[in-house]
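Visitor: Give me a 3D structure for the following:
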Amino acid sequence: MFCALIMAGGKGTRFWPKSTEKLPKQFLKLIDNEKTMIQLTYDRLLKIIPKERIFVVTCEKYKELVKENLNEIPDKNIIIEPEGRNTAPCILLSALYIKQIYEDATIAVLPSDHAIKNTDGFCDILNSAYEYVKNENKKAIVTIGITPNRPETGYGYIKFEKQTGKVIKVDRFVEKPDIEKAKEYLNSGTYLWNAGMFIFDVNNILNELEENYLDYSKLKNLPKISDKNYIEELKNIYPKCEAISIDYAVMEKSKNIYVVPGNFGWDDIGSWNALERYIQKDENGNILNGNVKACDSKNNVIYGDNKKILLIDAEDLFCIDTDDVLVIGKKESISKVHSFREKYMNN
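Guide: Residues are numbered from 1 along each chain as shown. Here you go, the predicted model:
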């Protein structure tokens, strides 16, 4: 039974001041004027997985935001983390939860805030990974690797062994490189970007976590999700679990990691700079989002909120406007916005 798990607990502070802890990135309309990032993720999955088998894991304070954004999702398909503890305990909690509903589930784990241009190509890759796990190798954990098109220093990489088919054995995971290493990886043809997407058999991932994650038993022994004291026990136990990523807990230790290369216009939209790759510019190279008019202006990035913004004789500037904060600077410095968040918030 093919299921999906959308991880939607991130705080999304990289898109401050638009993104805040009250309204993180996955609930913003960053690359689409009509739909939020999590809505776009959900809609992609609906092409191959029915809504009753799409789950969202999030923290308590975002539960209502999930319901507002995905009003068709059943309540039982929203899995609540009492607090964020990184991806290993999150995936363990979710796998135990889903197994109680779909005992033979094969689960695709996906972030809620990535951009994908070619939905059909993405769905084909997911289906290939599902078929491999379901019918050929139940012990496989399959990740999706993105074929790089530039020497990117902002992503981790996957080194794969000699390609013999659609699904390839992973050699190792590699941390974010410097620019020289990134160029080397691009030229070698044996490295892919790590997109943080995984497909696995529910029983297999639980076996892997039991072997590699020290706090497995704490969550394994929780009451059934239908029991009245489930939430109370979860709130007591979950904060005591080690906060560690699934990459460190399982992926870098397991001998059964495989990858399917993909080239479907993926981006994790990790910074304001990334939006230029996805939002259409006007005839003068401006990105204008909101109630914005530009006169004799070029190569600007303007993100408005409610008020009207008029741009006159401006060039190579950025402006991010919210109800609470207005940030203006040189376009080349837009990547610095996130680093000023803490300074601003503390003054």
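
Visitor: you'd agree residue 82 is up against residue 230?
Guide: No: applying Cβ atoms under 8 Å, one finds residue 82 not in contact with residue 230, separated by 11.6 Å. Every residue, glycine included, has its C-beta placed from N, CA and C.

Visitor: three-state assignment of residue 3?
Guide: Of the three states, residue 3 takes strand under DSSP: H, G, I helix; E, B strand; the rest coil.

Visitor: Could I get the contacting residues of it?
Guide: With contact set as Cβ atoms under 8 Å, 6 or more residues apart in numbering, residue 3 has these partners: 49, 53-55, 98, 102, 105-108.

Visitor: Also residue 45?
Guide: Shown in contact with residue 45 (Cβ under 8 Å, 6+ apart): 4, 6, 54, 108, 110.

Visitor: ok, the fourth one - contacts?
Guide: With contact taken as Cβ under 8 Å, 6+ apart, residue 108 is in contact with 2-5, 45, 49, 126, 129-130, 197-199.

Visitor: Those into TSV, with extra columns for distance to residue 334?
Guide: Below are those laid out as TSV (distance: Cβ to Cβ, whole Å):
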residue	distance to residue 334
2	39
3	38
4	33
5	32
45	31
49	36
126	33
129	35
130	38
197	27
198	31
199	35
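
Visitor: Report pLDDT for the most centrally placed residue in the chain.
Guide: In the chain, the residue lying closest to the centroid (Cα atoms, centre = their mean) is residue 111, at 2.5 Å. Residue 111 is assigned a predicted lDDT (pLDDT) of 94.

Visitor: With residue 53 instead?
Guide: For residue 53, the model assigns a pLDDT of 97.

Visitor: Spatially nearest residue to it (excluding sequence neighbours)?
Guide: Closest residue to residue 53 apart from its sequence neighbours, by Cβ to Cβ, 6 or more residues apart in numbering: residue 3 at 4.5 Å.

Visitor: follow-up on the earlier one: which among the contacts of residue 108 gets closest to residue 333?
Guide: Among those, residue 197 lies closest to residue 333 (Cβ to Cβ), at 31.7 Å.

Visitor: Neighbours of the closest residue in space to the closest one that isn't next to it in sequence, how many?
Guide: Distances taken as Cβ to Cβ, 6+ apart put residue 144 closest to residue 197, at 4.4 Å, once the chain neighbours are dropped. If you count neighbours by other Cβ atoms under 10 Å, residue 144 ends up with 26.

Visitor: how near is the residue lying closest to residue 153 once chain neighbours are set aside to residue 273?
Guide: Closest residue to residue 153 apart from its sequence neighbours, by Cβ to Cβ, 6+ apart: residue 182 at 5.2 Å. Here residue 182 is placed at a distance of 16 Å from residue 273 (Cβ to Cβ, to the nearest Å).
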